[in-house]
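**Student:** the following block contains a protein sequence and its predicted model.
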4 protein chains.
Amino acid sequence: MKPGSLVCFISPDGKVYIRIVTDDKELHTHHGKIILAELLNKEYGDTIKTHLGHEYLITRPTLYDILKNIKRKTQIIYPKDIGYIVLKLGIREGTRVVEAGSGSGSLTTAFAWFVGDDGKVFSYEKRKEFYDLCKENLERVGLKNRVVQFLRDIKEGFEEHNADCAFIDVKTPWEYLDQVVRAVKNGAPVGFLLPTTNQVSTLLSCMEKERFIKTEVLEILVRRYKPVPERLRPEDRMVAHTGYLVFSIVKK
Amino acid sequence: MKPGSLVCFISPDGKVYIRIVTDDKELHTHHGKIILAELLNKEYGDTIKTHLGHEYLITRPTLYDILKNIKRKTQIIYPKDIGYIVLKLGIREGTRVVEAGSGSGSLTTAFAWFVGDDGKVFSYEKRKEFYDLCKENLERVGLKNRVVQFLRDIKEGFEEHNADCAFIDVKTPWEYLDQVVRAVKNGAPVGFLLPTTNQVSTLLSCMEKERFIKTEVLEILVRRYKPVPERLRPEDRMVAHTGYLVFSIVKK
Amino acid sequence: MKPGSLVCFISPDGKVYIRIVTDDKELHTHHGKIILAELLNKEYGDTIKTHLGHEYLITRPTLYDILKNIKRKTQIIYPKDIGYIVLKLGIREGTRVVEAGSGSGSLTTAFAWFVGDDGKVFSYEKRKEFYDLCKENLERVGLKNRVVQFLRDIKEGFEEHNADCAFIDVKTPWEYLDQVVRAVKNGAPVGFLLPTTNQVSTLLSCMEKERFIKTEVLEILVRRYKPVPERLRPEDRMVAHTGYLVFSIVKK
Amino acid sequence: MKPGSLVCFISPDGKVYIRIVTDDKELHTHHGKIILAELLNKEYGDTIKTHLGHEYLITRPTLYDILKNIKRKTQIIYPKDIGYIVLKLGIREGTRVVEAGSGSGSLTTAFAWFVGDDGKVFSYEKRKEFYDLCKENLERVGLKNRVVQFLRDIKEGFEEHNADCAFIDVKTPWEYLDQVVRAVKNGAPVGFLLPTTNQVSTLLSCMEKERFIKTEVLEILVRRYKPVPERLRPEDRMVAHTGYLVFSIVKK
């Protein structure tokens, strides 16, 4: 395993830690510490022992693992929504995607994950605190090099004029529709995340049918089950709402 | 636009066609025909006219567009589930993923989309009809080169022994758990799709806790809204069920 | 069985008919006709034969049976919502409940069913067509005597000033809040049904916190399963939306 | 207000207490005490003061209020399910309904509420603790006289042979199908509540098609919204599961 590789540690009781392989740091677990330099002689799928002798499984982190371990100061965008957004925006290797705001960086991370080294994520955030948090979260998982971060209010517009797609997660996205349209290619897919029905109504009323076609509104719900074969049943409670997703195609 | 590029045509009334740029074919629409060779002088975001003068928007297809336009003979796996599966399995450029069965190839297509030219999808199918359909669907969108297809019953095992992850969408997955475990790396994420609660129970009861850790069961629901700003409300009916998803980590 | 009794006929293939016992009419089924006068010698639980010899089961109709067999010209209120409304409004024998509009009379029927001979339903409807339809539906099931119908716009107010509760199912309920408050006792529960989020927002913004306390908004979803023991799974599609329910307590 | 009347007290901050009017007791609230004998000079809709001068609104409790205030030692059946059960079983004044087990008595209370003084609820419970709790809950709300309680295992059968309907909420209802069939009239609706899919499958497999017709399986979900007009959105979390409902018609 090379320095810089991303590693997921799974404890005997199923707890997950994510770290980058380095030659000088330690991971402190509830079962004792692990010397990260020892990873240099390991492969994904190997196990590693804490100084107290507990065996941890080493795996290559999935995007889901990474998203679950992100440091957050706000409501993050959930995997259930991120997976769908990635498909709707056509994200793949080489994609150039514009995003605002960065927030804690969960969607930024997912975009960076999929665009590869040939793509780029342009992520805008006006609050310094979140700009820094997003940066920290990207660096922790080695994806910072795929992201160009801007500490800027999108009222002033985006730097891009030919992006493949855009995702807008700000309180009043209807105030920036001109900016969004200018930032992307003709025919580009754009998405929005909004927590309230009032925001969805306002946004829809501002998306003129000449510029935004094939507009869709939806929400995604995940219902989990207790994995007990002889007493299979949904969990008692579930996340009932994170936000409404709005998708459209820009027509210039 | 180069020959071989994938193109999405959006009609004035929002209908979507997907084709590959070639120099010798025509697209027949309900507004007249389009000469595909004309695309060689176009870019994504341009428009193109049918021989009857109707203007079509040319865009780069998203994965969602492609999945919606797949030829199907079975229930396909839906985008709502695919997005989540991709995150849970950690699919990215370079991933080597095993899949059974191929079915119509919707999940195969999604995996091929994300693994890039350095990754590979190993897709198993025992019914010739679906093997062929999956191939056809992959070729239509230029992703066949990233997929190795096998016309084979997985009872005989998988060729791979070190895959990064696996997804199993067959009727009785519990009969092939040994094969699945052998196909992937230690610590690899695996997923299953099952339409009935009985199948979920049987599968769970066969996944011994020594070999399968962090097992989860869930289902994903998409609820769509009519995009009318002054009368925002969910659509009257929705897809209520496609299947239950089971995810786990293999521990050898 | 006495003349005037309400009877449910269940055909060998599960089709349900509802009729009142009379001595001079026939029920025409897809298995031939049944002479209703023959019911005078029957009890609930007996069977009766069509003139072609097919055996029908005679049962006492449930409220659910009746609601499913109502003649409708509009979207009716569904059993899933009606059951909850009845509990929230405190409907029971003796209750005096105000309702607007009558619509096809499904909620009117349910209220009449539960208030008994000592209670009363005051049902307002401004469209003659629905006033008549509601009347017809009530008469068909022998509940008309418990309902006082008004062909009147509720802008002019309700006749009642001391009702136990009220349910309002009109397009712009916020225009009639004064009338509603005047119609019921202090502390009375009131309910509203609204199809769109915009209407819910408008209603909530008009319900001043001094007059309407303990306000709640909710929706009820029913998910049906295919009753196949060895392949238990939800039905493929479901009703995704009928309306939002708003409940509150009037404080004068 | 007469002695024995049931009263709901609503505090200035929306807390609800339910009591029976008596001439010798006090209600202790977080705003001070209320002398229940003072209710004798009050009507529903009046207010009453605590000894500290706080004004409480006096209302006639709805069934929903009562169910929310039941003393519970088990998972109770929820209003969302109870409303639907009442409609499906055809409960009304005069109905004679059989129930097992009594549990904390929430469904018993609802049945007693609707059957009136001419109907009767026959409620079976084998655990003394719940038999007593159900009794206490019924007495607290003045509905005990409409219920005949049995402290008995239903393996021994029900006393009734001609009941209008039955509801079975026990762990292994499939063991008592003979008893249930014997307890009700031919053509009677019966219902079951089961928390797991395995129980639903087992029950369905034991309900022979000759004796149980028109069998349905469903679940009911309530999704609540924050009642804020300018920021309307679902609550963050919701109850995701209470149980599956099975309904059928007995054919002897």
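**Tutor:** Thanks, I have it. Numbers count the residues shown, from 1 in each chain, chains lettered A, B, ... in the order given.
**Student:** show me what from the stretch 51-200 of chain A comes close to chain C.
**Tutor:** Taking Cβ under 8 Å from any Cβ of the partner chain as the contact definition, the stretch 51-200 of chain A meets chain C at A:Thr197, A:Asn198, A:Val200. All C-beta spots, glycine's among them, are computed from the backbone N, C-alpha and C.
**Student:** wait, does the helix or strand containing the second one contact chain B?
**Tutor:** When you say that, I think you mean A:Asn198. Assigned by DSSP states H and E, A:Asn198 belongs to helix A:197-206. Yes - Helix A:197-206 reaches chain B (Cβ under 8 Å from any Cβ) through A:Thr197, A:Val200, A:Ser201, A:Thr202, A:Leu203, A:Leu204, A:Ser205.
**Student:** looking at those residues, which one is closest to C:Gly4?
**Tutor:** Of all those, C:Gly4 sits closest to A:Thr197, with 48.3 Å by Cβ to Cβ.
**Student:** need the contact list for the residue lying closest to the closest one once chain neighbours are set aside.
**Tutor:** Leaving aside its sequence neighbours, A:Thr197 sits nearest to C:Thr197 (Cβ to Cβ, 6 or more residues apart in numbering or on different chains; 3.7 Å). Counting by Cβ atoms under 8 Å, 6 or more residues apart in numbering or on different chains, C:Thr197 makes contact with A:Thr197, A:Asn198, A:Val200, A:Ser201, B:Leu232, B:Arg233, C:Tyr244, D:Leu232.
**Student:** please tell me how far the residue lying closest to the fifth one once chain neighbours are set aside sits from B:Arg231.
**Tutor:** It refers to B:Leu232. Nearest residue to B:Leu232 in three dimensions, chain neighbours excluded: C:Thr197, at 4.6 Å (Cβ to Cβ, 6+ apart). Distance of C:Thr197 to B:Arg231, given as Cβ to Cβ, to the nearest Å: 9 Å.
**Student:** which secondary structure elements does the lengthiest strand in chain A contact?
**Tutor:** The residue-count maximum for a strand in chain A (DSSP state E) belongs to strand A:212-226. When contacts are defined as 3 or more Cβ pairs under 8 Å, 6 or more residues apart in numbering or on different chains; DSSP states H and E, strand A:212-226 sits against helix A:79-89, helix A:197-206, strand A:233-234, strand A:237-239, strand A:244-250, strand B:212-226.
**Student:** between the ones you listed, which one is closest to D:Arg182.
**Tutor:** Short answer: strand A:233-234, nearest of the helices and strands packed on strand A:212-226 by Cβ to Cβ, at 30.3 Å.
**Student:** if we can go back for a sec, partners of the longest strand of chain A, with directions?
**Tutor:** strand A:233-234 (antiparallel), strand A:244-250 (antiparallel), strand B:212-226 (antiparallel) (DSSP bridges).
**Student:** okay, angle between the second one and helix A:197-206 too, please.
**Tutor:** The one in question is strand A:244-250. If you take axes from the mean of the first three to the mean of the last three Cα atoms, to 10 degrees, strand A:244-250 sits at 10 degrees to helix A:197-206.
**Student:** how big is the angle separating strand A:244-250 from helix A:79-89?
**Tutor:** Using the same axes, to 10 degrees: strand A:244-250 against helix A:79-89 is 10 degrees.
**Student:** and the residues of helix A:197-206 next to chain B as CSV, adding distance to D:Val190 and pLDDT?
**Tutor:** As requested, these are exported to CSV (distance: Cβ to Cβ, whole Å; pLDDT from 0 to 100):
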residue, distance to D:Val190, pLDDT
A:Thr197, 40, 98
A:Val200, 44, 98
A:Ser201, 45, 98
A:Thr202, 50, 98
A:Leu203, 49, 98
A:Leu204, 47, 98
A:Ser205, 51, 98
